[in-house]
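Student: Pasting the sequence and the predicted coordinates here, then a few questions.
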Amino acid sequence: MWAAVASALLRAKVRQAGTCSLPRGPKGRSAVAAAALPPRCWQRTARAGHTAQPRSMKAEIQKVEALEENHFVCVHWEDGSESRFPCVWLRDNCQCPDCFLDSAKARKLLFEDLDVNIVVKDVTLTDGKKISVTWPDEHTSEYEAKWLKKRCFSEEAREEMRKDLFLPERQYWGSDLQLLELPFEEVLCSDESAYKWLCTLKKVGIVLLTGAPAQQGELVKLGHRIGFLRLTFYGPTWQVQDKTDANNVAYTTGKLSFHTDYPVMQHPPGVQFLHCIKQTAAGGESEVVDGLHVANKLKKQNPQAFQILSSTAVDYTDVGVDYCDFAMQCKQKIIDIDYRGQAVRINYNNATRDTVLDIPAEKVRPFYAALKEFDDLLNSREHKFTYKMKPGDVVTFDNWRLLHGRRSYRSGATVTRHLEGAYADWDVVMSRLRILRKRLLGRN
Ligand SMILES: C[N+](C)(C)CCCC(=O)O
Ligand SMILES: O=C(O)CCC(=O)C(=O)O
Ligand SMILES: [Fe+2]
Ligand SMILES: [Zn+2]
């Protein structure tokens, strides 16, 4: 579904750029119509184990009944499928003004006032569109069919809701990356372009914005476009250039091997922006690699190395002065995994990896060997993508997923290369993405 939406937008005519200098795009709904969207709720039918996909999102209820000693309310849909709602959940989610503060879209009902063993006293259906529940204390709750359908507890419906809320789909890539380019100005002005930018950033992990003015201050506009930037000890935005007494290896002319930024933070910045203001003639090329893709490969190729990197806590350190003085320390696994053992975040910067290594001596060499395996895979020709930024280019990428690097360049009497950088949090980016989607497609 997501792919269909994205391609609909690809085909959509983008508003003419060049006339708008405001960081926020124009309001109002897009011409991109909410095409017939597939349903996002499938219910279990009466036949055990079988699931039926409702024919449409039209939520019409045929019949409603209490089941299992009134601990469940069973909704029979018009298309023959059914959904079972636990009573404790129904009571917890009563939408009446006593239980729910509509202006905040938040629950007023206190947990201490919720009886977790509650059963329904009575349940009735109103014209196929609404059910009404009476509770033992005579409190009544009403639930709309559409609202219920979205919240159906079936495996399929929950998966669909999960996809809708978090857009977990990923497109892995290697040296074959098709780097999406969008005009910087259009992303600032057009909601369609901004939506395409953020969708691709989430799915692919990298998007290049082009044609930005080659001057400082443009990333602040991008920050306003999503909401706000993430402040760190290097400042609200930071200048990547050759500096005397550099407080970070990035601020030299040296090669930067593949790294993620700021693994020394417990919650490293999710998204990074780099705006090229000045580029040197020789050297200074950029490299990126899909770290999660490579981690998946490592898991297959060398499960032992993957196991070590996803379980060993590595110390990171960063001490100095910039926005203010700082003395950062953090323990991170180089490969963060979720409850299923799937790689979800890379935390690796060789420059800030501490000299302190808090593991038993006999585990040290196996750790280095595992890291070497990962580093070799990251650097393999088939995985990395190389490009050279031009003044006006703004590369935006997922700093939890990609590793980036830079080739060295020669230092000069004056500054020959200058990038401005900034960070954003995935929470903020995803929030903007959901708002843009709702505005453009008319749904949550
Ligand atoms: C570019 N800069 C200095 C803001 C951060 C570099 C990344 C790091 O030290 O982890
Ligand atoms: O100079 C570059 O191209 C990249 C800089 C970088 O990785 C950083 O500042 O963290
Ligand atoms: Fe970096
Ligand atoms: Zn209520």
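Tutor: Arrived safely. Ligands and ions are numbered 1, 2, ... in the order given.
Student: Contacts for stretch 305-313 next, please.
Tutor: 295, 298-299, 331-337, 341, 343, 358-359, 363, 366-367, 369-371, 373-374 (Cβ atoms under 8 Å, 6 or more residues apart in numbering). Any C-beta I mention is one placed from the backbone N, CA and C, and that applies to glycine too.
Student: Can you give me the end-to-end span of it?
Tutor: With Cα to Cα, to the nearest Å as the measure, the first residue of stretch 305-313 is 14 Å from its last.
Student: As a check, name the ranges of all helices in the stretch 51-200 of the chain.
Tutor: Per DSSP state H, counting those that start in this stretch, the stretch 51-200 of the chain carries helices over the ranges 87-92, 145-150, 155-166, 184-189, 191-203.
Student: after the last one comes which helix or strand?
Tutor: It refers to helix 191-203. Going down the chain from helix 191-203, the next helix or strand is strand 206-210, by DSSP states H and E.
Student: That following strand pairs with which strands, parallel or anti?
Tutor: In the sheet containing strand 206-210, the strands it pairs with under DSSP bridges are strand 180-183 (parallel), strand 394-398 (antiparallel).
Student: Let me see the contact set for the residue nearest to Leu179 when sequence neighbours are not counted.
Tutor: Once its chain neighbours are removed from consideration, Leu179 has its nearest residue in Leu208; the separation is 5.4 Å (Cβ to Cβ, 6 or more residues apart in numbering). For Leu208, the set of contacting residues under the criterion of Cβ under 8 Å, 6+ apart consists of Leu179, Leu180, Glu181, Leu182, Tyr387, Asp393, Val394, Val395, Thr396.
Student: try 6 Å this time
Tutor: Contact partners of Leu208, counting by Cβ atoms under 6 Å, 6 or more residues apart in numbering, are Leu179, Glu181, Val395.
Student: Check the nearest residue to Lys202 once chain neighbours are set aside and give its pLDDT.
Tutor: When the adjacent residues along the chain are set aside, Lys202 lies closest to Leu167, with 5.2 Å between them (Cβ to Cβ, 6+ apart). The pLDDT attached to Leu167 in the predicted structure is 98.
Student: Tell me how many other residues crowd Leu167.
Tutor: Taking other Cβ atoms under 10 Å as the neighbour definition, Leu167 ends up with a count of 17.
Student: doesn't Thr200 make contact with it?
Tutor: No. With contact defined as Cβ atoms under 6 Å, Leu167 does not reach Thr200; the gap is 11.0 Å.
Student: Check the secondary structure at Ala295 for me.
Tutor: In terms of secondary structure, Ala295 is helix; the call rests on DSSP: H, G, I helix; E, B strand; the rest coil.
Student: you'd agree it is up against Asp336?
Tutor: No. Between Ala295 and Asp336 there is no contact under Cβ under 6 Å: 9.4 Å.
Student: ok, these two, which is more surrounded?
Tutor: A side-by-side neighbour count of Ala295 and Asp336, using other Cβ under 10 Å, places Ala295 first with 25 against 18.
Student: which ones are touching the more buried one?
Tutor: For Ala295, the residues meeting the contact criterion (Cβ under 6 Å, 6+ apart) are Ile335, Ala343.
Student: again, only using 8 Å
Tutor: With contacts taken as Cβ under 8 Å, 6+ apart, Ala295 has the following neighbours: Phe306, Leu309, Ile335, Ala343, Ile346, Phe374.
Student: Also Glu218?
Tutor: For Glu218, the contacting residues are Phe184, Ala212, His275, Val394, Glu420, by Cβ under 8 Å, 6+ apart.
Student: export those residues to JSON lines and tack on neighbour count, distance to Ala145 and pLDDT?
Tutor: Conversion of the contacts of Glu218 to JSON lines gives the following (neighbours: other Cβ atoms under 10 Å; distance: Cβ to Cβ, whole Å; pLDDT from 0 to 100):
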{"residue": "Phe184", "neighbour count": "24", "distance to Ala145": "44", "pLDDT": "98"}
{"residue": "Ala212", "neighbour count": "23", "distance to Ala145": "48", "pLDDT": "98"}
{"residue": "His275", "neighbour count": "29", "distance to Ala145": "49", "pLDDT": "99"}
{"residue": "Val394", "neighbour count": "24", "distance to Ala145": "46", "pLDDT": "99"}
{"residue": "Glu420", "neighbour count": "22", "distance to Ala145": "51", "pLDDT": "99"}
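Student: Just name the closest of these to ligand 1, please.
Tutor: Nearest to ligand 1 out of the contacts of Glu218 is Glu420 (Cβ to the nearest ligand atom; 10.5 Å).
Student: pLDDT averaged over the helix or strand in which Val428 is found - what is it?
Tutor: Assessed by DSSP H and E, Val428 sits inside helix 426-441. Per-residue confidence for helix 426-441 averages out to 98 on the pLDDT scale.
Student: Just the buried residues of that helix, please?
Tutor: Neighbour-count burial for helix 426-441, counted by 16 or more other Cβ atoms under 10 Å, picks out Trp426, Val428, Val429, Met430, Arg432, Leu433, Arg434, Leu436, Arg437, Leu440, Leu441.
Student: For Gln239, give the beta-bridge partners.
Tutor: Once the bridges are assigned, which here means DSSP bridges, Gln239 pairs with Glu420.
Student: right, and it touches His418 too?
Tutor: Yes. Look at Gln239 against His418 with Cβ atoms under 8 Å: they come within range, at 6.6 Å.
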